[in-house]
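Colleague: What follows is a predicted protein model with its sequence.
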Amino acid sequence: MGEERAPREQMEYDVVVVGGGPAGLAAAIRLKQLAAAAEREIAVCVVEKGSEIGAHILSGAVFEPRALNELIPDWRERGAPLVTPATEDRFLLLTRTRAVPLPTPPQMRNHGNFIISLGNLCRWLAEQAEGLGVEIYPGFAAAEVLYDDTGRVRGVATGDMGIGKNGQPTDRYQPGVELIAQQTLFAEGCRGSLTKTLVERFRLRDGLDPQTYAIGIKELWEVDPQRHQPGLVVHTIGWPLDAATYGGSFLYHLEGGQVAVGLVVGLDYRNPYLSPFEEFQRFKTHPAIRPYFEGGRRISYGARALNEGGFQSIPRLDFPGGALIGCAAGYVNVPKIKGSHTAMKSGMVAAEVVFRRLAGDDSAEVGRALRESWVWDELRRVRNIRPSFRWGLYAGLAYSAFDTYVLRGAAPWTLHHHPDYTRLVPASEARRIDYPRPDGKISFDRLSSVFISNTNHEEDQPAHLRLRDPAKAIAVNYRLYDSPEQRYCPAGVYEIVQPAAGTEPYLQINAQNCVHCKTCDIKDPEQNIDWVVPEGGGGPNYPNM
Ligand SMILES: Cc1cc2nc3c(=O)[nH]c(=O)nc-3n(C[C@H](O)[C@H](O)[C@H](O)COP(=O)(O)OP(=O)(O)OC[C@H]3O[C@@H](n4cnc5c(N)ncnc54)[C@H](O)[C@@H]3O)c2cc1C
Ligand code: SF4
């Protein structure tokens, strides 16, 4: 095939939503509900980079149904996959050998919530959206924001398919499609790749706290029926993480004999030798945890970053032609360990504003509407809890108890955040960590884990992990930090290879293994890694994560 590329086709909508997660789908549904109530026709489309809706969704998840109750009050009759009410909460402090029960803080009490697969909830939301006339295109990654002459966002373009590693079209070549819209909502979730460019271009974060993040690593198990207690919610803090590292685990007993287990590690960790993946594997071997998995079978694996900045890190949401919604902006309530209800609500609020904008009300603002919603109040009350853990686990717990029980979220001060990528200390000042070898029964290695994430990428395509300055991989990351990307990447994408003793090492990027967690884009100490979308449909294929 020659170098001449076919022009991109254009499709026009009133609203394009980028990302088919809870935020994007809730926004699309709300728009269509409003249009139906006003007897107006509006065309809404959702693009999703996963091969199907839900394929890239990874969450805990204990789900608070507040936003869903508002969006689809008869969700029970419509068969929403919320079938396991949370019945019991346990909160444990782990030491190497012991598990000490702690009182469950009020934010972590789950009465009235459900243990779900967020992927399955999204699949069901997509059916509801399609029933209302939303066009959903899974397998299409939005690769570029389109602007008009005045700098206003006029839609997005999906990525070309069939461009080879060398940047030239192959015989699979299919040009991307321009999705033109009056309003574009970005619902890419945590650390969205187009969102990152919008934040920079429209300076949406100037004068505000940086966003901060954690990585969550999760497995789904089928466990011995004797050890299964549907509705049980267990959270732990402490071991295997040291007191200076923020994080904790979750263990949720779902329906069907399944248990979701995961470890969340704050990306402000300091030791470049820390490996969140291996911390998680080691966590499962704790004497209080291991019995849940003995005789069971691991059926899925994956990882995803989540936002932890909360209230003080919410960026400006509006820009000409659209807005940010969901975790693209960042609404995780950290002490609750929940963000899907706030993501949905933010999508619904934005839909209401966009609907007014389409009717000619240019003064309608998503930012203002969000400030008037319960999302704002909910996040404001807990804003100081996560940043207090920079003083260490025990001081953080003490402060959080004081903030929650005495001040009741009404402290007259606000603690601030530092960007995660500035936190690593040089390897020469850090303690090496010896992780135990996986036993292949309870604990596993990275490659067998990635295998069950069903991750797949077309091999002949340009790299979707781009180094701004390739020389820094060795000059800075390797020499100063002993290449922490080898350890924080949960999929073994980054590998330092030294062809022979005495030769110069180089960084090999196994991009086909990438599970789209976005951790490298966040944690690289020089912000030298840009994660951009690969061909649509590539990446993990999570079943019910
Ligand atoms: C380990 C872990 C545990 C969690 N536990 C809980 C919990 O128990 N309860 C809870 O309420 N919340 C929990 N959360 C948080 C919750 O999952 C998020 O707040 C929620 O998923 C955010 O929804 P969203 O729609 O904004 O983004 P996402 O759920 O991330 O969805 C974004 C979607 O957009 C797609 N996308 C991204 N970029 C593009 C693009 N350029 N083109 C096309 N498609 C794109 C993605 O593939 C994805 O499908 C957890 C998160 C993690 C990581
Ligand atoms: S390459 Fe980056 S985004 Fe992909 S799995 Fe590794 S850390 Fe996550």
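Modeller: Sure thing, it's come through. Numbering: from 1, shown residues only. Ligands and ions are numbered 1, 2, ... in the order given.

Colleague: When you work out contacts or count neighbours from here on, use the C-alpha atoms and nothing else.
Modeller: Fine.

Colleague: and residue 207, how many neighbours?
Modeller: Around residue 207 there are 8 other residues, counting by other C-alpha atoms under 10 Å.

Colleague: How about the secondary structure of it?
Modeller: coil (DSSP: H, G, I helix; E, B strand; the rest coil).

Colleague: Dihedrals phi and psi, it?
Modeller: Backbone torsions for residue 207, taken as degrees, to the nearest 10, come to phi 80, psi 0.

Colleague: Please apply the same query to residue 44.
Modeller: The phi/psi pair for residue 44 (degrees, to the nearest 10) is phi -130, psi 130.

Colleague: What sits closest to it if chain neighbours are left out?
Modeller: With C-alpha to C-alpha, 6 or more residues apart in numbering as the criterion, residue 44 has its nearest non-adjacent residue at 4.9 Å, and that residue is residue 15.

Colleague: And for residue 126, the neighbour number?
Modeller: The burial count for residue 126: 26, using other C-alpha under 10 Å.

Colleague: What residues sit buried inside the host helix or strand of it?
Modeller: Element membership for residue 126 (DSSP states H and E) is helix 118-131. Buried positions in helix 118-131, judged by neighbour count with 16 or more other C-alpha atoms under 10 Å: 118-130.

Colleague: Now pLDDT too, for these, in TSV please.
Modeller: Shown next, in TSV, are the buried residues of helix 118-131 (pLDDT from 0 to 100):
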residue	pLDDT
118	98
119	98
120	98
121	98
122	98
123	98
124	98
125	98
126	98
127	98
128	98
129	98
130	98
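
Colleague: Quick one: distance of the helix holding residue 126 to the chain centre.
Modeller: Computed by C-alpha atoms, centre = their mean, to the nearest Å, the chain-centroid distance of helix 118-131 equals 18 Å.

Colleague: and that helix, what other elements does it pack with?
Modeller: On a contact count with 3 or more C-alpha pairs under 8 Å, 6 or more residues apart in numbering; DSSP states H and E, helix 118-131 meets helix 22-37.

Colleague: got the buried residues for the helix it packs on?
Modeller: Result for helix 22-37 [16+ other C-alpha under 10 Å]: buried residues 22-35.

Colleague: what subset of the residues you listed is also close to ligand 1?
Modeller: With C-alpha under 6 Å from any ligand atom as the criterion, those include 22-24 near ligand 1.

Colleague: need the longest helix for this structure.
Modeller: In the chain, taking DSSP state H as the definition, the longest helix is helix 340-358.

Colleague: Neighbours of the closest residue to residue 279 other than its chain neighbours, how many?
Modeller: Nearest non-adjacent residue to residue 279, counting by C-alpha to C-alpha, 6+ apart: residue 240, 6.2 Å away. Using other C-alpha under 10 Å, the number of residues around residue 240 comes to 22.

Colleague: Check residue 406 too.
Modeller: Neighbours around residue 406, by other C-alpha under 10 Å: 11.

Colleague: Return the distance of it relative to residue 398.
Modeller: Here the distance between residue 406 and residue 398 works out to 11 Å (C-alpha to C-alpha, to the nearest Å).

Colleague: next one: residue 200
Modeller: 37 Å.

Colleague: now residue 66
Modeller: The gap separating residue 66 from residue 398 is 29 Å, by C-alpha to C-alpha.

Colleague: cool, and residue 191?
Modeller: 31 Å.

Colleague: Could you do residue 386 as well?
Modeller: Using C-alpha to C-alpha, one obtains 12 Å as the distance from residue 386 to residue 398.

Colleague: What is the end-to-end distance of stretch 56-65?
Modeller: 21 Å.

Colleague: Give me the phi and psi angles of the nearest residue to residue 320 once chain neighbours are set aside.
Modeller: Nearest residue to residue 320, sequence neighbours excluded (C-alpha to C-alpha, 6+ apart): residue 152, at 4.9 Å. Residue 152 adopts backbone torsions of phi -80, psi 140, taken as degrees, to the nearest 10.

Colleague: cool, the one 4 residues further on as well?
Modeller: Main-chain torsions, residue 156, degrees, to the nearest 10: phi -140, psi 160.

Colleague: pLDDT at it, what is it?
Modeller: Predicted confidence (pLDDT) for residue 156: 98.

Colleague: and residue 251, what does it touch?
Modeller: 233-235, 259-262 (C-alpha atoms under 8 Å, 6 or more residues apart in numbering).

Colleague: Parallel or antiparallel, list what pairs with the helix or strand containing it.
Modeller: Taking DSSP H and E as the criterion, residue 251 maps to strand 247-253. With DSSP bridges as the test, strand 247-253 is paired with strand 232-238 (antiparallel), strand 258-266 (antiparallel).

Colleague: Residue of the stretch 51-200 of the chain nearest ligand 2, please.
Modeller: residue 191 (10.0 Å; C-alpha to the nearest ligand atom).

Colleague: where does that residue fall, helix, sheet strand or coil?
Modeller: Going by three-state DSSP: residue 191 is coil.

Colleague: Leaving out sequence neighbours, find the closest residue to it.
Modeller: Per C-alpha to C-alpha, 6+ apart, closest to residue 191 is residue 328, 6.1 Å.

Colleague: The residue nearest to residue 44 is in contact with residue 184, isn't it?
Modeller: Yes - using C-alpha atoms under 8 Å, residue 15 is in contact with residue 184, at 5.6 Å.

Colleague: now the residue lying closest to residue 284 once chain neighbours are set aside: how far from residue 252?
Modeller: In space, and not counting its chain neighbours, residue 284 is closest to residue 290: 5.4 Å by C-alpha to C-alpha, 6+ apart. According to C-alpha to C-alpha, residue 290 and residue 252 sit 14 Å apart.
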